[in-house]
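**Q** Okay, here's the prediction I keep looking at, along with the sequence it came from:
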Amino acid sequence: MATPHNEAPQGAFAKTVLMPGDPLRAKFIAETFLQDAKLVNNVRGVQGYTGTYQGTPVSVMASGMGMPSIGIYSHELFHFYDVDNIIRVGSAGAISPKLKLRDVVFGQGSCTDSNYAHQFGLSGTFAPIADFTLLETAIAVARRLGIEPAVGNLLSSDVFYNKAGNTLDWGKMGVLAAEMESAALYCNAAEAGKRALAICTISDSLVTGEELPAADRQTTFTQMMEIALGVAVEMAKK
């Protein structure tokens, strides 16, 4: 069924959807990696495509920025379009001194300053985590490609320009990098009984102050894209 945010018909999305934040990154993935990619959604310019990768149906659609945005799109894909797996392919800022620009990070868990999980009416603090099957598959695919990912906690924050200036404090607890979507994605997957994983590329470092230009974030983070596409192929075999 179509929704207020997605004009695609039933059956338009594959079982696995790659979800970058940037619509231009979605377009880049579709045009670079997918065969016979078709635009299936363009409401609000949030481009969604479906094609094949190594003979496996795969979709890619942007999430926009922040938990409210990915919360909408992932909920609709899980509940209304019968999507089983969503793999976020996004950028993140390093808060661990061990990470450098362009490193690939898998979000095993997602710490957050958001109140997103409050809606589920739980009496305590829900810990958003990745699906283990997606995570172990992604690690195997990455190593096969000669990539050794960093695996650990992300900080999924509602705030980009943090006036408190205390984001690096999370690094003292071993948190690797900061981004703005994974906690909501993991919550939605848990509620829907589906699978989710965040794969991020380090675009800047809060430790050193280094950063990559926006154009590089759109078109050069190909390692995480190839890993996610490889996961889609492997999941289709399970």
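**A** Structure received. Quick caveat, the model's predicted, so the values are computed rather than measured.
**Q** Strands of this structure, residue ranges please.
**A** Using DSSP state E, the strands of the chain run over 16-19, 35-41, 48-53, 56-61, 85-94, 104-112, 150-156, 177-179, 195-205.
**Q** In this structure, where is pLDDT below threshold?
**A** Counting by pLDDT under 70, the chain shows low-confidence ranges at 1-2, 4, 7, 43, 217-220.
**Q** residue nearest the centroid of this protein?
**A** What sits nearest the mean C-alpha location of the chain, by Cα atoms, centre = their mean, is Arg88, with 1.3 Å.
**Q** With adjacent residues omitted, what lies nearest to that one?
**A** With Cβ to Cβ, 6 or more residues apart in numbering as the criterion, Arg88 has its nearest non-adjacent residue at 4.2 Å, and that residue is Ala198. For glycine as for every other residue, the C-beta is placed from the backbone atoms N, C-alpha and C.
**Q** ok, now Val151?
**A** Distances taken as Cβ to Cβ, 6+ apart place Phe106 nearest to Val151, at 4.7 Å, with adjacent residues excluded.
**Q** most distant residue from the middle of this structure?
**A** For the chain, the residue at maximal distance from the C-alpha centroid (Cα atoms, centre = their mean) is Ser123, at 27.4 Å.
**Q** contacting residues for that residue?
**A** If a contact means Cβ atoms under 8 Å, 6 or more residues apart in numbering, then Ser123 has no contacts.
**Q** What of Arg88?
**A** Going by Cβ under 8 Å, 6+ apart, Arg88 touches 19-20, 63, 70, 107, 181-182, 185, 196-200.
**Q** measure the spatially closest residue to Leu134 that is not a sequence neighbour to Ser157 for me?
**A** Excluding the flanking residues, the one nearest Leu134 by Cβ to Cβ, 6+ apart is Leu197, at 4.0 Å. Between Leu197 and Ser157 the computed distance is 19 Å (Cβ to Cβ, to the nearest Å).
**Q** Same question for Met180.
**A** 6 Å.
**Q** So which residues of this protein form helices?
**A** Taking DSSP state H to define them, one finds helices in the chain at 23-33, 67-80, 132-144, 182-192, 214-219, 222-237.
**Q** Deepest in the core, which of these is it.
**A** Stretch with highest mean neighbour count among the helices of the chain: helix 182-192 (a mean of 25; mean count of other Cβ atoms under 10 Å).
**Q** Report all helices and strands that it contacts.
**A** Where contact means 3 or more Cβ pairs under 8 Å, 6 or more residues apart in numbering; DSSP states H and E, helix 182-192 is packed against helix 67-80, strand 85-94, strand 104-112, strand 150-156, strand 195-205.
**Q** Please say which of Leu197 and Ser157 ends up with more neighbours.
**A** Leu197 (28 against 21; other Cβ atoms under 10 Å).
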